[in-house]
Structures are given as structure tokens and as C-alpha cells.
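>>> below are the sequence and a predicted model; questions follow.
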Amino acid sequence: MSLVLCTAPDMRYRTNTVGDKERGVRILITEDDTALAEALQFSLAQAGYAVDWVANGTAADEALKEAIFGLLILDLGLPKLDGFEVLRRLRRRNASIPVLILSGREKPEEKVLGLDLGADDYLVKPFSLNEFQARVRALLRRGPGGVSPVTSYGELDFDTVGRTAAISGKTVQMSLHEIGVLEILLQRFGRVVSKEQLVEQLYSYDKEVSHNAIEVYVHRLRRKISGAGITVRTLYGRGYLLDYISH
Ligand code: CA
């Protein structure tokens, strides 16, 4: 059941929040135990966090490449790609988001491996929701930039929870696809993203994103962010890159 629920392409962006009381941080839960995942999701949403949930390692890897999260809750025993591999790939991309491992594995060497791979904390199942929440709060307090939902480059502020962009404080109207392209490029600011990667990652919005359509979204996006001091560069045959405008 969890697989059916969570491999839906659009699941990655089904963010749950409780009101607007504390739209602070976007958290990704990777857990294949549906009952536990729902309990964690509910508990975090009650606390005011925006929460996304995926049920296998591949979906987690994709979601982490695609969107900007303030915290990752990571189970180790996962279908498709285990938690260690998700973590290894995440840290190889130099992503510095805090990671809390949840695991039924109590062997000390696994805890050591998890921490060595770059996890920030490790919680052995079963645990109380109170302890879970306390650990989440602690990680968010010390997480590098993890507390701020806004990532800024030049004059552009991107709200990773609300998925909105503003230039010099003024909201920029963008379509879902334009926001999607911007989010992916921001995630890899200064690095090349191929057209294939964009096509693949925008697949979650609908089934028909062609290479030509990507060119259109990039063109519109470039125009819309033109006042922000950053731009989308085209590297022919290689892809796109978000970069500062050099003078
Ligand atoms: Ca598991």
C-alpha cells in the first residue's frame, strides 16, 4: 500500500502543513512503514513544519536532487535504494542538510557507519514521538542554514516551503513549470544541469514535458529573473547553469 501511495509521480510535492503558524522548514521523511510514516508526518505537521513523504530510496534520492529541504528523516531499510546509499549520494553532492536516521538496526557498527557517512543523529526504533520531536528541534537549531526556508542568490529570494520567488522583496509570478526549473537550477547553483535532467525531474508535474518546452520555460524564467543579478546561461550541447551576471 505504501508503495502505491508514494511512487505516484506527484507525491514528491504533496506537502502537508498545518495552517500558516510556522511555515519555517520543509522536511522530507523517507520511511517505508506506512503507519510510522503517517504518525511522523502528522506529528511534524502539527508542530507546523511542511512535510513531504517518500517510501523508497530512489524516490528520496530524486526528491533531494529536486527540492530544497531543511531536514531529512531517513530510514535505513528501504526498498530500491537503502538509507546508507541515499545518504552517501546526498553527501557526495555536498548537500549539507541535517539528517536524522531512524532505524530498527541496533548494531553499533551500523550506527557508526551512518554517522560516518554524514548523518547528524541516529534514533533507534521504537522511539517516542516526544523524543523524535525533540531531536528534530535540536537538529534544526544547529543545522547549517537549515532553519531558514529562504535561499537567496543576488536579489532573488526563493521560499523553499511555499515555492515562491521574489526579487528585491517583490513576488514574481511564475508557472509551476518555471518554478520547477528554477528550483532545480537553484539546487545546483553554478553547476550545469542537462536538458535531460530537467525533462526527467519535471516529469512529476505532468507527463508531457518535451525538450522544446524546456527551452520555453528557461526563456521565460530568464526574462523573469533578469532584475535579480543572476541569469540562466545556456551551454550548448551540455545544458543550463544558473549563475551571477558578471560585469
Ligand atoms: Ca524500513
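Sure, I can see it. Numbering: from 1, shown residues only.

>>> which parts of the protein are strands?
For the chain, strands defined by DSSP state E occupy the ranges 26-30, 50-54, 71-75, 99-103, 121-124, 150-153, 156-159, 164-167, 170-172, 230-235, 239-244.

>>> what sits up against the third one?
If I follow you right, that is strand 71-75. Residues lying outside strand 71-75 but in contact with it, judged by C-beta atoms under 8 Å, 6 or more residues apart in numbering, are 25, 27-33, 40, 60, 64, 83, 86-87, 90, 97-103, 119, 136, 139-140, 143, 146. Bear in mind the C-beta positions are built from the backbone N, C-alpha and C, glycine included.

>>> circling back: among the strands of the chain, which is nearest the ion?
Judged by C-beta to the ion, the one of these that comes nearest to the ion is strand 71-75, at 4.4 Å.

>>> ok and the closest one relative to strand 50-54, angle-wise?
Orientation note: strand 71-75 sits at an angle of 30 degrees relative to strand 50-54 (axes from the mean of the first three to the mean of the last three C-alpha atoms, to 10 degrees).

>>> what's around whichever residue of the chain sits closest to the ion, how many residues?
The chain approaches the ion most closely through G77 (3.7 Å), counting by C-beta to the ion. Around G77 sit 15 other residues, with neighbours defined as other C-beta atoms under 10 Å.

>>> quick one, domains of the protein?
Structural domains assigned to the chain are 26-142, 150-244, following automatic domain parsing.

>>> would you list the ones you listed in TSV and tack on mean pLDDT?
Output for the domains of the chain, formatted as TSV (pLDDT from 0 to 100):
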stretch	mean pLDDT
domain 26-142	89
domain 150-244	86
